[in-house]
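A.B. asks: next comes the sequence, and after it the predicted model I'd like to discuss.
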Amino acid sequence: MSDIQRPEMFYTVSTEDFAVVEKPLSTWERLYENGAVRKTALLLILAAAWELYARWLGNPLLVPSFSATVGAFFASVASGALPRAAVYTIRMLLQGYAAGLAIAALLTAFATATRIGADLLETLTAMFNPLPSIALLPLALIWFGLGAGSVIFVLIHAVLWAVALNTFAGFRSVSPTWKMVGQNYGLSKIGYIARILIPGAFPSILTGLKVGWAFAWRTLIAAELVFGVSSGSGGLGWFIFERKNQLLIADVFAGLLTVILFGLAVENLIFKTIENRTVRRWGMQS
Amino acid sequence: MAPLLAVEGVTLRYRTKEHLVTATYRVSFNLFRSDRFVVLGPSGCGKSTLLKAVGGYIKPTEGRIQLNTTEVAGPGPDRVFVFQEFDQLLPWKTVKENIVFALTASGKLPRPQAEERAMHYIAKVNLIEFALSYPHTLSGGMKQRVAIARAMAMEPQILLMDEPFAALDALTRAKMQEELLQLWDDTKFTVLFVTHSISEAIRVGSRILLMSAHPGQVRAEINSPGADDPDASGKPLSTRIHEILFGGEKREGVASHV
């Protein structure tokens, strides 16, 4: 309660003399807004720090300098050893990844169709997801022998659970309204999965694919470190292991650099592009 | 004349983890072509559940629902839903593709004709310049207009609207009610409209089914002139509805917010 009498007040809005209404940012500000520029700057700083530390340490057997690593990298690329190893690894990886995805699709379809399938998927995932794939390698070697079969087996294990779990969780969290909309059109079972459930769960599916890819990549390099001599040619892991035995430490670093470069390329070129064209454009992920 | 939709003695029950809930008890009503039939009641009167049963998503435990003298067996494109939720549009499709998808997925039209009809109905709800936008870029009111355009493009026997304007702000809601009536003037579609707002029921409906809660039972079925006019005794329609739903005592705001 207030007894104060206040007059009503009216103002005219000024139309000039603002300090700033809208002014373009300076070049520096605009560059700083660009994520790629910021990250590149960080990488350059890290590379410089590495170079300085390696020179100060002066022991190329422990830490070769950045320039030496880059030199070894280009030398190995030129000699064809590194590309050969990379191609071998990628081919193996794609086979394992594809097989893992196929089995994940079957398992998820079974889980979506029946309740016992859902129970099966949940139980299996709870059991096997925490189990590092590389821990299965000794067993795989006994079952499938020294060769591609064992590697693909552990790769499937690495991919399967992450993808199946994420896809199924995604299906479950698809908005009930979309499900009702889909049923309203009288879609067939397959049409319903393909045109409502999969796009509706796409953010989760994409996460599953990314996690599965990362697991597969790590598992493969680790498996190759253990053995890679199956058919006379080894992958990146074997390249790293072999060069370490020959004390070519700069080459070891070059191999690791290749592993990192592939990881970055797949994440930033392939998955980022898929993300930008799908879930981001649809506003399902910011 | 035979009714378009006949609901006879429909009891709906559903099971939660702990209870068996009776949503509606022996509800009966008839819907005729070009009706704007409103089901009005407080929350918990099972009106949304009833609408879902007409949509074919829920089976009645007792009674029957017939569309054109054929028993409703499941969801189908002859009864198209407009939901309350803004997320009823599929976010991975543009405004136009949402409508085209509805028409092609249900097998109503092949693609070229579907696109033509989609644009026709997008024009009807004044969203031509947003035809190629994705739903997340639209406001709530625009999304509901697209949902209405999509449902109308299907040219169903009945439009089922489940509180389609409840999540909108008051100004937008009033405008949308107006637009819906204009669209009805245009095509004279049949609509079954569920709401908990007395004023919306009077505004939108030509006939109003009043339901009481726990479990939902029919209290009355009355005509609406489209405005809150006083009757012979001088009582406005909204007061009469209020008395029927809540008895004599005048209690504002229970079922009448807005």
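C.D. replies: Yep, that arrived.
A.B. asks: now A:S14, what's its secondary structure?
C.D. replies: Secondary structure state of A:S14, per DSSP: H, G, I helix; E, B strand; the rest coil, is coil.
A.B. asks: tell me how many other residues surround it.
C.D. replies: Counted with other Cβ atoms under 10 Å in any protein chain shown, residues neighbouring A:S14 total 7. In this view, the C-beta of every residue, glycine as well, is placed from N, C-alpha and C.
A.B. asks: and the pLDDT for it?
C.D. replies: pLDDT for A:S14: 73.
A.B. asks: next one: A:L52 from chain B, what distance?
C.D. replies: 47 Å (Cβ to the nearest Cβ, to the nearest Å).
A.B. asks: what does the helix or strand containing that residue contact?
C.D. replies: Assessed by DSSP states H and E, A:L52 sits inside helix A:35-57. Identification of contacts with helix A:35-57 by Cβ atoms under 8 Å, 6 or more residues apart in numbering or on different chains yields A:L31, A:Y32, A:P60, A:V63, A:P64, A:S65, A:F66, A:S67, A:A68.
A.B. asks: could you redo the last one with a cut-off of 10 Å?
C.D. replies: Here helix A:35-57 makes contact (Cβ atoms under 10 Å, 6 or more residues apart in numbering or on different chains) with A:30-32, A:34, A:60, A:62-70, A:253, A:264, A:268.
A.B. asks: which helices and strands does whatever helix or strand comes next after that helix pack with?
C.D. replies: Note on helix A:35-57: by DSSP H and E, the next helix or strand toward the C-terminus is helix A:66-79. Under the contact criterion of 3 or more Cβ pairs under 10 Å, 6 or more residues apart in numbering or on different chains; DSSP states H and E, helix A:66-79 touches helix A:35-57, helix A:81-113, helix A:236-245, helix A:249-265.
A.B. asks: so for helix A:66-79, what gets flagged as buried?
C.D. replies: A:F66, A:A68, A:T69, A:V70, A:A72, A:F73, A:S76 (16 or more other Cβ atoms under 10 Å in any protein chain shown).
A.B. asks: can I get these in a markdown table including pLDDT?
C.D. replies: Formatted as a markdown table, these follow (pLDDT from 0 to 100):
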| residue | pLDDT |
| --- | --- |
| A:F66 | 91 |
| A:A68 | 91 |
| A:T69 | 92 |
| A:V70 | 92 |
| A:A72 | 92 |
| A:F73 | 92 |
| A:S76 | 90 |
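A.B. asks: spit out the contact partners of A:Q95.
C.D. replies: Counted by Cβ under 10 Å, 6+ apart, A:Q95 has contacts A:A148, A:V151, A:I152, A:L155, A:I156.
A.B. asks: residues touching A:S26, list them.
C.D. replies: A:Y32.
A.B. asks: so which residue of the stretch 51-200 of chain B comes closest to chain A?
C.D. replies: B:H136 (2.6 Å; Cβ to the nearest Cβ).
A.B. asks: give me the secondary structure label for that residue.
C.D. replies: helix.
A.B. asks: quick revisit: buried residues, the helix holding A:L52. List them.
C.D. replies: A:W50, A:E51, A:A54.
A.B. asks: neighbours of the residue of the stretch 1-150 of chain A found nearest chain B, just the number please.
C.D. replies: Residue of the stretch 1-150 of chain A nearest chain B, by Cβ to the nearest Cβ: A:R115 (15.6 Å). For A:R115, the number of neighbouring residues by other Cβ under 10 Å comes to 8.
A.B. asks: and what of A:R281?
C.D. replies: If you count neighbours by other Cβ under 10 Å, A:R281 ends up with 14.
A.B. asks: how about it, what does it touch?
C.D. replies: Each residue near A:R281 by Cβ under 10 Å, 6+ apart is listed here: A:E275, B:P91, B:W92, B:Y134, B:H136.
A.B. asks: go again with 6 Å.
C.D. replies: Not one residue lies near A:R281 by Cβ atoms under 6 Å, 6 or more residues apart in numbering or on different chains.
A.B. asks: over to the one 4 residues further on?
C.D. replies: With contacts defined as Cβ under 6 Å, 6+ apart, the neighbours of A:Q285 are A:P203, A:V279.
A.B. asks: redo that, cut-off 8 Å
C.D. replies: A:P203, A:E275, A:V279.
A.B. asks: I'd like those residues as CSV, with neighbour count appended.
C.D. replies: Listed next are the contacts of A:Q285 as CSV, based on neighbours: other Cβ atoms under 10 Å in any protein chain shown:
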residue, neighbour count
A:P203, 19
A:E275, 16
A:V279, 21
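A.B. asks: what about those residues, which are in helices?
C.D. replies: In this view, the contacts of A:Q285 that belong to helices under DSSP state H are A:P203, A:E275.
A.B. asks: of all the contacts of A:Q285, which comes closest to chain B?
C.D. replies: Taking Cβ to the nearest Cβ as the measure, chain B lies nearest A:V279 of these, at 8.5 Å.
A.B. asks: list the helices and strands the helix or strand where B:I208 lies packs on?
C.D. replies: Applying DSSP H and E as the criterion places B:I208 in strand B:207-212. The contact analysis (3 or more Cβ pairs under 8 Å, 6 or more residues apart in numbering or on different chains; DSSP states H and E) places strand B:207-212 against strand B:20-31, strand B:36-40, strand B:217-223, helix B:237-246.
A.B. asks: how about CSV for the contacts of A:Q95, with secondary structure and neighbour count added?
C.D. replies: What follows is the contacts of A:Q95, written out as CSV (DSSP: H, G, I helix; E, B strand; the rest coil; neighbours: other Cβ atoms under 10 Å in any protein chain shown):
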residue, secondary structure, neighbour count
A:A148, helix, 16
A:V151, helix, 29
A:I152, helix, 22
A:L155, helix, 28
A:I156, helix, 24
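A.B. asks: poorly predicted segments of the stretch 1-150 of chain A, please.
C.D. replies: By pLDDT under 70, the low-scoring segments of the stretch 1-150 of chain A are A:1-2, A:17-21.
A.B. asks: tell me the SS of the residue in the stretch 151-286 of chain A that chain B sits nearest to?
C.D. replies: Nearest to chain B in the stretch 151-286 of chain A, going by Cβ to the nearest Cβ, is A:G283, at a distance of 2.6 Å. Secondary structure, three-state DSSP: A:G283 is coil.
A.B. asks: ok, and the closest non-adjacent residue to it?
C.D. replies: B:H136 (2.6 Å; Cβ to Cβ, 6 or more residues apart in numbering or on different chains).
A.B. asks: what number of residues lie near that neighbour?
C.D. replies: Neighbours of B:H136 (other Cβ under 10 Å): 15.
A.B. asks: I figured the residue of the stretch 51-200 of chain B closest to chain A hits B:L90, correct?
C.D. replies: No: B:H136 is beyond contact range of B:L90, at 11.1 Å (criterion: Cβ atoms under 8 Å).
A.B. asks: this completes my enquiry, with thanks.
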